[in-house]
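Enquirer: Turn this into a structure:
(chains A and B)
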Amino acid sequence: EAGVAQSPRYKIIEKRQSVAFWCNPISGHATLYWYQQILGQGPKLLIQFQNNGVVDDSQLPKDRFSAERLKGVDSTLKIQPAKLEDSAVYLCASSFTGTGASEQYFGPGTRLTVT
Amino acid sequence: QQPVQSPQAVILREGEDAVINCSSSKALYSVHWYRQKHGEAPVFLMILLKGGEQKGHEKISASFNEKKQQSSLYLTASQLSYSGTYFCGTEERGTSYGKLTFGQGTILTVHP
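Expert: Got it, this is the predicted structure:
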């Protein structure tokens, strides 16, 4: 079974530039999550999709971050404009259902460096 | 609110045991445990649900005290491959299903 795919794996941009990350979840997984993981910390949920609808985006900085999940499969996360504090690893995860009884499978992440 | 993990770091020799704790101030529906090796994605270890149900790997054991909102992960007869950072993720009652809040992590190092 193929895992969660993410691209790019690494990205370096200057502050005030824009960047986009792509995620392809495990086939058949209805729920997709985007996390931000700052070095030395645990992952922080940014947004949770159930199929193509948003379940929770309470921690997404909506003035600069946006995300969409087209047709309930792939998802993109965009940052515009980027700030220095956005430097982090952005992890995408998916689960079969959106319940707490469903384990989340993480992708390899995109390491973003903002200079 | 972020759960609190303890200890922050632990160093073991192969074969020794360790316990990692996770405590929340919120009423919980479930606790998830993940291990992350340096530069890699977190990997699922176990889910503990309110009511006592557990899902996870056979060689990993954990407990969930619903009254205290605390969970412990038990690593016995540690192997070199157990090294990594362990995170607990808590699902709070009354929030979106599947929404996890992760602790700050516990760094486990196993030496030969």
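
Enquirer: Am I right that B:Trp33 falls within a strand?
Expert: Yes. Judged by DSSP: H, G, I helix; E, B strand; the rest coil, B:Trp33 forms part of a strand.

Enquirer: Now do it against chain A, distance only.
Expert: 10 Å (Cβ to the nearest Cβ, to the nearest Å). All C-beta atoms are positioned from the backbone trio N, CA, C, and that covers glycine.

Enquirer: Do you have the strands of chain A handy? List them.
Expert: Using DSSP state E, the strands of chain A run over residues A:5-7, A:10-13, A:19-24, A:31-37, A:44-50, A:53-56, A:65-69, A:75-79, A:88-95, A:105-106, A:110-114.

Enquirer: tell me the mean pLDDT for the shortest one?
Expert: What strand A:105-106 shows for mean pLDDT is 96.

Enquirer: is the closest residue to chain A within chain B in a bridge, and if so with what?
Expert: Nearest residue of chain B to chain A (Cβ to the nearest Cβ) works out as B:Phe102 at 3.2 Å. Residues in a beta bridge with B:Phe102, per DSSP bridges, are B:Gly89.

Enquirer: That one and B:Asn65: what is the separation?
Expert: As judged by Cβ to Cβ, to the nearest Å, B:Phe102 and B:Asn65 stand 19 Å apart.

Enquirer: next helix or strand past the worst-scoring helix or strand of chain B on mean pLDDT?
Expert: In chain B, the helix or strand scored least confidently by mean pLDDT, DSSP states H and E is strand B:54-56, which has a mean of 75. Remark: after strand B:54-56, the chain's next helix or strand is strand B:61-65, criterion DSSP states H and E.

Enquirer: So what's the gap between that next one and the chain middle?
Expert: Distance, stretch centre to chain centre, for strand B:61-65: 9 Å (Cα atoms, centre = their mean, to the nearest Å).

Enquirer: can you list contacts of the helix or strand just after it?
Expert: With elements assigned by DSSP H and E, the helix or strand that comes after strand B:61-65 is strand B:70-75. With contacts defined as Cβ atoms under 8 Å, 6 or more residues apart in numbering or on different chains, strand B:70-75 is touched by B:17-24, B:31, B:33, B:45-46, B:48, B:60-65, B:82, B:86, B:88, B:108.

Enquirer: which of the residues you listed are buried?
Expert: Using 16 or more other Cβ atoms under 10 Å in any protein chain shown as the burial test, the contacts of strand B:70-75 include B:18, B:20-24, B:31, B:33, B:45-46, B:48, B:60, B:62, B:64, B:82, B:86, B:88, B:108 as buried.
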